[in-house]
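Chemist: 3D model of this:
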Amino acid sequence: MGKHIAIAGNIGSGKTTLTGLLGKHYQLQTHFEDVDGNPYLNDFYEDMQRWSFNLQIYFLNARFRQLVDIRKGTEAVIQDRTIYEDAHIFAPNLHTMGLMSGRDYENYRSLFDAIGNLVRPPDLLVYLRASVPTLVRQIQRRGRDYEDGIRLDYLRKLNERYEAWIDSYTLGNLLIVDVDHLNFADKPEDLGQIISRIDAQLHGLFPNEQ
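Modeler: Here you go, the predicted model:
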């Protein structure tokens, strides 16, 4: 089976951009999060409490299907966001904020736990760490209409959960990238720094290609 690299991070941290750049650099098959084809995102940002469960089930299904395709394939791949982020960050955050009922959350967790036994974690997880001001700036820069109403406290709480998850992450190799001090989208030298750090990790994942 091909090796699996995943990019994790909060909304606006640059996951999709970095996934594309690294996929091109390493000539890896890319698996992006389907934002434009998501039938729940607009409704969710209009009424989070009403649509939170539907959205999380949609993401769980979509990412599980991605992982099935990755496991079936033989090529090395890079994935935009992981199935673990939904379960450890987004769903529990919605529940804690009162935007997902206890009944729906328990239903979601039960389904994730069943699926979790069937999936394989990435060989390398690249976590994009970004402060809330950086997230807001990059969200505004890409200009998605449905993201206009994202609340600062929502992003802040997600960041707190990301940090807690990363602190306890033991499923595979981990690389943390500080997005506040890097502009890999526009500066080749910043992207080069990230690539150099990933190269050191990939030496163990792709020993025949070094």
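
Chemist: and the contacts of the longest helix along the chain?
Modeler: Scanning the chain for the longest helix, with DSSP state H as the assignment, gives helix 48-72. If you take Cβ atoms under 8 Å, 6 or more residues apart in numbering as the criterion, helix 48-72 is touched by 1-2, 4, 31, 33-34, 38-41, 43-44, 77, 79, 81-83, 86-87, 90-91, 94, 98-101, 104, 107-108, 111-112, 115, 118-120. Glycine gets a C-beta too; all of them are placed from N, C-alpha and C.

Chemist: list buried residues within the residues you listed.
Modeler: The neighbour-count criterion (16 or more other Cβ atoms under 10 Å) marks 4, 31, 33, 38, 40-41, 44, 77, 79, 81-83, 86-87, 90-91, 94, 99-100, 104, 108, 111-112, 115, 119 among these as buried.

Chemist: closest to the centroid, which residue in this structure?
Modeler: Note on the chain: the residue nearest the mean C-alpha position is residue 81, at 2.3 Å, using Cα atoms, centre = their mean.

Chemist: so, low pLDDT: which residues of this protein?
Modeler: Per-residue confidence of the chain (counting by pLDDT under 70) places the weak regions at 1-2, 146, 149, 204-210.

Chemist: residue boundaries of the helices in it?
Modeler: Along the chain, the stretches classed as helices by DSSP H are 15-26, 41-46, 48-72, 83-85, 91-96, 102-116, 132-142, 152-167, 188-205.

Chemist: a markdown table for the ones you listed, including distance to residue 181?
Modeler: Compiled in a markdown table, the helices of the chain are given as follows (distance: least, Cβ to Cβ, whole Å):
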| stretch | distance to residue 181 |
| --- | --- |
| helix 15-26 | 15 |
| helix 41-46 | 29 |
| helix 48-72 | 29 |
| helix 83-85 | 23 |
| helix 91-96 | 26 |
| helix 102-116 | 34 |
| helix 132-142 | 9 |
| helix 152-167 | 16 |
| helix 188-205 | 9 |
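
Chemist: comparing the ones you listed, which comes out most buried?
Modeler: The highest mean neighbour count among these belongs to helix 83-85 (a mean of 21), with neighbours defined as mean count of other Cβ atoms under 10 Å.

Chemist: residues in contact with that one?
Modeler: Outside helix 83-85, the residues touching it (Cβ under 8 Å, 6+ apart) are 8, 60, 63-64, 67, 112, 115-116, 119, 121, 162, 165, 171.

Chemist: and that helix, how far out from the chain's middle?
Modeler: Centroid separation for helix 83-85 versus its chain: 7 Å, with Cα atoms, centre = their mean, to the nearest Å.

Chemist: same question, stretch 100-107
Modeler: If you compare the mean C-alpha spot of stretch 100-107 with that of the full chain, they lie 22 Å apart, counting by Cα atoms, centre = their mean.

Chemist: pull the residues that contact that stretch.
Modeler: Outside stretch 100-107, the residues touching it (Cβ under 8 Å, 6+ apart) are 49, 52, 53, 56, 91, 92, 94, 95, 108.

Chemist: recalculate using a threshold of 10 Å.
Modeler: With Cβ atoms under 10 Å, 6 or more residues apart in numbering as the contact definition, stretch 100-107 has outside contacts at 48-49, 51-57, 90-96, 99, 108.

Chemist: just checking, residue 190 touches residue 17?
Modeler: No: using Cβ atoms under 10 Å, residue 190 makes no contact with residue 17, being 11.7 Å away.
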